[in-house]
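Enquirer: Here you go, sequence then predicted model.
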Amino acid sequence: MLKRIKGTQDILPNEIMKWHDLEEVIRNVSKLFNFSEIRTPIFEASELFHRSVGETTDIVKKETYDFEDRGKRMNTLRPEGTASVVRSVIENKLYVDENLPLKLYYYGPMFRYERPQKGRQRQFHQFGAEVIGSNSPLADVETINFAVTFLKALRINNVQVRINSLGDAESKENYKKALNDYLEPNIHNLCEDCNRRYKENPLRVLDCKIDKDSDTLKNAPKPYDYLSAKAKVHFEQVIMGLDSLGLNYSVDKNLVRGLDYYTHTVFEIDSDLETLGSQSTLVGGGRYNNLYSSLEGPDLPAVGFAFGVERLLLALEAINKEEVKPYLHAYFISIGDVFQTDALKIINELRYAGLIIDYDFLNKNLKNQFKQADRLNPKYYLIYGEEEAQKQVINVKSLETKEQVEVKLTDLCQYLINKLTNKSCSGGCSSCDGC
RNA sequence: GUGGAUGUAGCUCAGGUGGUUAGAGUACCAGGUUGUGGCCCUGGGGGGCGUGGGUUCAAGUCCCAUCAUCCACCCCA
């Protein structure tokens, strides 16, 4: 049997509704904050990700899907969204002054070659947003607030917002050096993974779960201690902004992020819902003031976040226990040969009037048409055969009350719409008086 | 990349110490009830046990390999 590729998933008809619902919230909240959607290609020149995400990160070193196209160019399926947005903003010159600050969001599949587990697939989806062209702490606050508000809109309430600052490029360099000097004589006290991180990406040593309570890590220098005066003021103003919004957050001096491009504010929002397994981070983000210039664009400051959509859906599973079932307004049950009556015409007119209707085309008998109807969760059954056709009526049976009434064909559309919406018919149906 | 668990009907799962044509529940189909479903009764179709090798007179059942899934580490969203 042909199977889907490891780490990918089919989103089946019975689960598509929760995706649609989530996508609707994404669009609605983005609209409230006045962010516009941008859609970029799913693959880009490999170089883009190497230069933005960082050559030393695991993502670029061993998790990208790279392929050579027929023109011998190296392409990469995007492992994240920010790099593509940056490229597009530069390429399309969206950064002209009149557009700033640019507020963009994106939604779509990303690809990373990882071992799949709960909350982690090889093809997964991210919803991300970026504020481009503002150095103000207000942009950081806006971004964090957007993420928090989005979670509130989804009713995901038990979350922890953690923030930290890595400072500007200079602060970051000074800190890296200090951390290195400190770790060099102490690294043997830390775990195997930390020893590896020390060589590859020393900042991440702070993230260690095993040694987080060790004296070595507790006494390690923290990014905060190396912030330049300006960077410190920026961070303090971000905090003032969050305070004035009344957001709950905590400053986590050990918070660093895996991607190279972050500067100044970094933040993460975690949930401890059990359905998330060990992948508890719903969203991560921060400021990246040097990415535009390092990709040969103008010197644009920016700040953004990215949500893991599958993780959001896992979180929602824990919150929305009862499933929302799709429904039909009516299932049309035809007795006898459907071609001997005007059944098809009636069905179509109901649909043109905006009613969700389905009917059998597997030649099922009456009993099985009822069975089939029950599976599709209709509000009404419409029963129609030659007897009804003769009298120009139709039997309308309510699933809720089990009552069956005979309705004149000319009244059917209005009758159903009254019952279903308590509103009058909006038109579109030509067979009934009320329309 | 590392470690652990698991792979038997569409779905959920049972199949001590290897032994006749592989089981249950559920779903599906048919009949009882040929213009009224849901309940009940009766019957039916459907898998050859992830894949490939091996041991054996005999293997879902033991051994090896391989693939896949899940969970955790790592990494990250």
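Expert: Everything's here; your move. The structure displayed is predicted, hence computed values, not measured ones.
Enquirer: Neighbours of whatever residue of the stretch 1-150 of chain A ends up closest to RNA strand B, how many?
Expert: At 2.8 Å from RNA strand B, A:K118 is the closest residue in the stretch 1-150 of chain A, using C-beta to the nearest atom of the strand. For the C-beta atoms, the positions are set from N, CA and C on the backbone; glycine is no exception. Number of residues near A:K118 (other C-beta atoms under 10 Å) recorded here: 13.
Enquirer: again with A:I90
Expert: By other C-beta under 10 Å, the residues close to A:I90 number 16.
Enquirer: ok, how many other residues are close to A:N201?
Expert: Using other C-beta under 10 Å, A:N201 has 17 neighbouring residues.
Enquirer: ugh, wrong one, A:G108
Expert: As a measure of burial, A:G108 has 17 neighbours, counting by other C-beta under 10 Å.
Enquirer: Pull up the distance across stretch A:201-217, start to finish.
Expert: By C-alpha to C-alpha, to the nearest Å, the extent of stretch A:201-217 from end to end equals 15 Å.
Enquirer: Give me the contacts around that stretch.
Expert: The contact list for stretch A:201-217 (C-beta atoms under 8 Å, 6 or more residues apart in numbering) reads A:56-57, A:166, A:176, A:179-180, A:183, A:186, A:189-191, A:193-194, A:197-198, A:220, A:222-223, A:254-256, A:258.
Enquirer: List only buried entries from those.
Expert: Applying 16 or more other C-beta atoms under 10 Å to the contacts of stretch A:201-217, the neighbour count classes A:57, A:166, A:179, A:183, A:186, A:190, A:194, A:197-198, A:220, A:222-223, A:254-256 as buried.
Enquirer: and those residues near RNA strand B, which?
Expert: Residues of the buried ones among the contacts of stretch A:201-217 in contact with RNA strand B (C-beta under 7 Å from any atom of the strand): A:T57, A:R197.
Enquirer: farthest pair in the buried ones among the contacts of stretch A:201-217?
Expert: Spatially, the most separated pair among the buried ones among the contacts of stretch A:201-217 is A:T57 and A:N186, at 24.1 Å (C-beta to C-beta).
Enquirer: Buried by neighbour count: which residues of the lowest-mean-pLDDT helix or strand in chain A qualify?
Expert: Least confident element among the helices and strands of chain A, by mean pLDDT, DSSP states H and E: helix A:58-62 (a mean of 79). Neighbour counts using 16+ other C-beta under 10 Å place A:I59, A:V60 of helix A:58-62 among the buried residues.
Enquirer: immediately after that helix, which helix or strand?
Expert: Toward the C-terminus, helix A:58-62 is succeeded by strand A:65-68 as the next helix or strand (DSSP states H and E).
Enquirer: Distance from that following strand to the middle of the chain?
Expert: Its chain's C-alpha centre and that of strand A:65-68 lie 25 Å apart, by C-alpha atoms, centre = their mean, to the nearest Å.
Enquirer: that older thread, residues contacting the residue of the stretch 1-150 of chain A closest to RNA strand B?
Expert: By C-beta under 8 Å, 6+ apart, the residues touching A:K118 are A:L276, A:G277, A:S278, A:Q279, A:L314.
Enquirer: Give me the pLDDT for the fourth one.
Expert: For A:Q279, the pLDDT comes out at 88.
Enquirer: so how far is A:Q117 from it?
Expert: A:Q279 sits at a distance of 7 Å from A:Q117 (criterion: C-beta to C-beta, to the nearest Å).
Enquirer: With the second one instead?
Expert: In this structure, A:G277 lies at 7 Å from A:Q117, with C-beta to C-beta as the measure.
Enquirer: Run through the residues that contact A:V407.
Expert: A:V393, A:I394, A:N395, A:V396, A:Y415.
Enquirer: how would you label A:H329: helix, strand or coil?
Expert: Assigned with DSSP: H, G, I helix; E, B strand; the rest coil, A:H329 falls in the strand class.
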